[in-house]
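**Q** Sequence first, then the predicted structure:
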Amino acid sequence: MGRNSKRIPQLDRISISALEVARLVLRKEGEAILSLAETIGPEFERTVERIFASKGRVIVTGVGKSGIIASKIAATLTSTGTPAFFIHPADAAHGDIGVVEKRDVVIFVSKSGETSELTQLLPVLKRLGVVLISITAVKNSPIARASDCVLETGAISEACPFDVVPTTSTTCALALGDALAVALLKLKGFTREDFAFVHPAGLLGQMLHLRVEDVMHAGDELPKVRDDVFMKDAILEIMNKRLGVTAVVDADGKLCGIVTDGDIKRILMRSPDIFRLKVRDVMSRSPRTIARDALIAAAVKIMEENIPSPITCLVVISPSGDPEGVIHLHDCLRARAVR
C-alpha cells in the first residue's frame, strides 16, 4: 500500500460486521507500520545520535490524541534508560517551559505539523538552542521546517471511513517512539538488570533481584537418591517430592546424575521391566546445575537456552559438588508471589 494513502472502501459498507471492521482496521494500521519500516532511513539514525549525544533530558509534547502518544513515548524512553518527561504545550506556554534547558532535546508529536499550541513554543525553544525533533506526517510543515530532525510518517489515511479520527497516524507515531526508545536502549547498552532497577515493583524487576536460594527446594524438599538403588526408589522419590525430577548422588554424596519424568517414559518405551534397572543405568550423567547465589534470571536463561531443548529444572550445587536443592521453572514464574 505504499505510504498507506489508500482508504479502505469496505468500511463504507453499511452491512459490515464489527469483526470485519476490527480486522480491516488492524490490517490498515499494520500495513502503515510495515510501510514506515521501509521508508525510514538516515534521518532516523541522525535523530538517535542527536538524542544519544545530548547531555540533558528528552521533553515530549503534543496536543489531543498526539499528546497521549507523546506521554507514552516519554514513559517508554524513561523506562529504557533515556530520562524523559511529558509537558502539555498549554502548560509550557504558561510557565512550564522554564524547566527546559539548552542541553535538552524536545520532541514534538503532531500529524499536521502546524498545531498552534506547539508553534507558539518555537521561538522560545529556538532561543534556548535545544535540539528539536518532530514526528509528523507533513515534512514541509512549520514545525518540521523548524526542527533539527524530522521523523516523517508520510501521507496517512486514518482507519475510519471518514479519514478524520486519529488512528493510523497515532499508531505510526507511537511505533516511531518505540523504535527510538529501543534503538537508544541498544546504543546505551541498557541491560535487563538496568530495566529491573527502574522497575523494582515489576515481575522482571523482582526476578532479577531474587536469587536461586530464595525459591529453591532444599532440605526435606530436595528429591535425592543414590545411584546404586533400583528405579523403584527413584520413581517413589519423584512422586513424593512432586518436582518431576530427582538428583542422583554417589557414595560420597556428590551429584553424579539426574532422573526425570521424561527419562522414565523413554525407558518404559524400551524396557517394561524398569524396576529391575539401577538408577545409574537410567540417569542422565551431565545434569545442568547452578549455584545457590545465582540470580533467578540466570536460572531461567539456562533452562530456556538448554541444548538440544529447553528444560524445566536445575540442580543447585555447592562449590564442592554437593546437591543443595532443585529449582523448577515454575518457581521462577511464581517469583513475584514469593517476593
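**A** In hand now; what should we look at?
**Q** what sits up against stretch 218-233?
**A** Stretch 218-233 is contacted from outside by 217, 234, 237-238, 240-241, 243, 245-251, 256-257, 259, 264, 267, 274-280, 282-283, 316, 323-326, using C-beta atoms under 8 Å, 6 or more residues apart in numbering. All C-beta atoms are positioned from the backbone trio N, CA, C, and that covers glycine.
**Q** Helices - which of those land there?
**A** The members of the contacts of stretch 218-233 that map onto helices under DSSP state H are 234, 237, 238, 240, 241, 264, 267, 279, 280, 282.
**Q** Tell me which two in those residues are the farthest apart.
**A** Farthest-apart pair in those is 240 and 280; separation 20.6 Å (C-beta to C-beta).
**Q** chain center to stretch 287-307, what's the gap?
**A** 20 Å (C-alpha atoms, centre = their mean, to the nearest Å).
**Q** which outside residues touch it?
**A** Contact with stretch 287-307 is made by 192-193, 207-216, 247, 255, 257-258, 310-319, 324-325, 327, 329, 332, 335, as judged by C-beta under 8 Å, 6+ apart.
**Q** first to last residue in it, what's the distance?
**A** End-to-end span of stretch 287-307 (C-alpha to C-alpha, to the nearest Å): 12 Å.
**Q** hang on, the earlier thing: mark which of the contacts of stretch 287-307 are part of strands, please.
**A** In strands, defined here by DSSP state E, the members of the contacts of stretch 287-307 are 247, 255, 257, 258, 313, 314, 315, 316, 317, 324, 325, 327.
**Q** how about the residues you listed in TSV, adding neighbour count, pLDDT and distance to residue 19?
**A** Below are those laid out as TSV (neighbours: other C-beta atoms under 10 Å; pLDDT from 0 to 100; distance: C-beta to C-beta, whole Å):
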residue	neighbour count	pLDDT	distance to residue 19
247	28	95	52
255	20	95	56
257	21	94	54
258	24	95	49
313	24	92	43
314	27	94	45
315	24	95	50
316	25	96	50
317	19	94	54
324	19	95	54
325	23	94	50
327	28	93	44
